[in-house]
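**Q** The following comprises the amino acid sequence and a computationally predicted model.
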Amino acid sequence: MLCGWHTRSDIPLTRVPKSARGGEDVDIDIQIAPGDSPIAKNQARFIEHSVGSSLIGIENVADFEISGGRLIRVWPTIRAKQKDIEIFLFGMVWATLCHQRGMLPLHASAIVTKGGITAFAGHSGAGKSTTAALLSSFGYEVLADDILPVSFDQNSMPGAWPYLRRLKLHRDPMTRLAFTPAEVVGETLDKGKYFVQPESTGDDRWRRLERLYLLENSITGSVAIEQINGVDAVRALVEQTYQFNFVVGTKRFGDHLAFCARLASKILIYRLRSPPGDVGKERASAICAHLEGTELNPDQVS
């Protein structure tokens, strides 16, 4: 189960729970494709999105075709390592799949709190995974890392299923925070990152998204948290959309903007700035205090 979808894969997926049960409908099918890839071999990286399908080519790793929001075809290169394929399969490719299914793949990690889901968004290196790892050590369950696929239920409530309840941390913060690594993320790519198993993880069910913290750097000496609304909140969601070039390539910016505006009206969004040199402890402590002081019941955000 990934994002609430029954997923069948020709590629063994590292540290993803597997089921031997048969007879269930398959929502997502990941196939190692026969024959030649539709992508020409003269480009280091190729990305093309259309209404019908998307093509992503990564030199020395694999070519991917994502179609209909349910089929992923993979053409691995001869010397490709499985873990390196997974870096793109679980990142760019899965985000594209979410777009095709009408979801918003936020570039975020997430934990479970009293109000539902609390997410931490930000650009690469902002501290999303480190923050989730620290909050896990404080007793919060980890729900997702790097991508949080957001959708609305039949009552127009925003939420998400769990996705990859593991964390990827660089060696330096992992060492400084005394986390125990499980294994290296990639064999030739991302060798400086390690999987870290959270203290606890959320169970496999859809939950309401209650709030989002946008992680940024600060020039001051303390952590600052401020709520943002309106245009600023919508802009933050647009900027933290994973694989935004799908929106551009399929000319769906109007629909995407409407989705982000709708989401911004339903959740709490905060800008969180932390000082240089903070490995995450000050930020995590401030978030804990903020959660305890502002936790809302599900009916308090409309």
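**A** That came in fine, so what should we check first?
**Q** use CA for all of it now, contacts and neighbours both
**A** Fine.
**Q** So which residues of the stretch 51-200 of the chain form strands?
**A** In the stretch 51-200 of the chain, strands defined by DSSP state E, counting those that start in this stretch lie at 53-58, 62-67, 71-76, 104-113, 116-121, 141-144, 147-152, 158-160, 167-170, 181-184, 193-196, listed in chain order.
**Q** Of all those, which one is nearest Arg211?
**A** Closest approach to Arg211 among the strands of the stretch 51-200 of the chain is made by strand 116-121 (5.0 Å; CA to CA).
**Q** ok now the closest one, how far from the chain's centre?
**A** On the basis of CA atoms, centre = their mean, to the nearest Å, strand 116-121 sits 11 Å off its chain's mean C-alpha point.
**Q** Pull up the pairing partners for it, direction included.
**A** strand 104-113 (antiparallel), strand 207-217 (parallel) (DSSP bridges).
**Q** okay, the angle between it and strand 147-152?
**A** 130 degrees (axes from the mean of the first three to the mean of the last three CA atoms, to 10 degrees).
**Q** And for strand 116-121, what's in contact with it?
**A** 106-112, 128, 131-132, 148, 159, 207-215, 240, 298 (CA atoms under 8 Å, 6 or more residues apart in numbering).
**Q** go again using 7 Å as the cut-off
**A** The contact list for strand 116-121 (CA atoms under 7 Å, 6 or more residues apart in numbering) reads 107-112, 128, 207-215, 240.
**Q** so who does the residue lying closest to His170 once chain neighbours are set aside touch?
**A** What sits nearest to His170 in space, not counting adjacent residues and going by CA to CA, 6 or more residues apart in numbering, is Lys193, at 4.3 Å. By CA under 7 Å, 6+ apart, Lys193 lies in contact with 168-171, 184-185.
**Q** And for Trp75?
**A** Trp75 touches 32-33, 37, 62-64, counting by CA under 7 Å, 6+ apart.
**Q** Can you read off the pLDDT for Val74?
**A** Note on Val74: pLDDT of 98.
**Q** I'd say Glu216 and Leu272 touch.
**A** Yes. The criterion here is CA atoms under 7 Å, and Glu216 meets it with Leu272 at 6.1 Å.
**Q** who's more crowded, the two?
**A** Leu272 (22 against 17; other CA atoms under 10 Å).
**Q** Show residues contacting the helix or strand hosting the more buried one.
**A** Using DSSP states H and E, Leu272 maps to strand 268-274. Strand 268-274 has contacts (CA under 7 Å, 6+ apart) with 210-218, 222-228, 233, 283.
**Q** which among those residues end up buried?
**A** The neighbour count (16 or more other CA atoms under 10 Å) marks 210-217, 223-225, 228, 233, 283 as buried among the contacts of strand 268-274.
**Q** Report the beta-bridge partners for Arg45.
**A** Ile58.
**Q** Could you double-check that it sits in contact with Ile58?
**A** Yes. Shown here, Arg45 and Ile58 form a contact pair, counting by CA under 7 Å, at 4.9 Å.
**Q** Who has more neighbours out of these two?
**A** It is Ile58, of Arg45 and Ile58, that has more neighbours when counted by other CA under 10 Å, with 18 against 12.
**Q** List the contacts of the more buried one.
**A** Per CA under 7 Å, 6+ apart, neighbours of Ile58: 44-46.
**Q** Which parts of the chain are helices?
**A** Using DSSP state H, the helices of the chain run over residues 82-88, 94-100, 128-137, 171-176, 230-239, 245-249, 253-264, 281-294.
**Q** The longest one vs strand 207-217, what angle?
**A** Between the axis of helix 281-294 and that of strand 207-217 there is an angle of 140 degrees, by the same axes, to 10 degrees.
**Q** ok and helix 281-294 relative to strand 268-274, angle-wise?
**A** 150 degrees.
**Q** Just the buried positions in helix 281-294, please.
**A** So, applying 16+ other CA under 10 Å, buried residues of helix 281-294: 283-287, 291.
**Q** Also stretch 121-139?
**A** Buried, per 16+ other CA under 10 Å, within stretch 121-139: 121-123, 126-136.
**Q** How about stretch 47-55?
**A** Buried residues in stretch 47-55 (16+ other CA under 10 Å): 47, 49, 53-55.
**Q** I'd like to know which of those is nearest to Asp10.
**A** Leu55 (18.7 Å).
**Q** lowest average confidence, helix or strand, in the chain?
**A** For the chain, counting by mean pLDDT, DSSP states H and E, helix 171-176 ranks last in confidence among helices and strands (a mean of 75).
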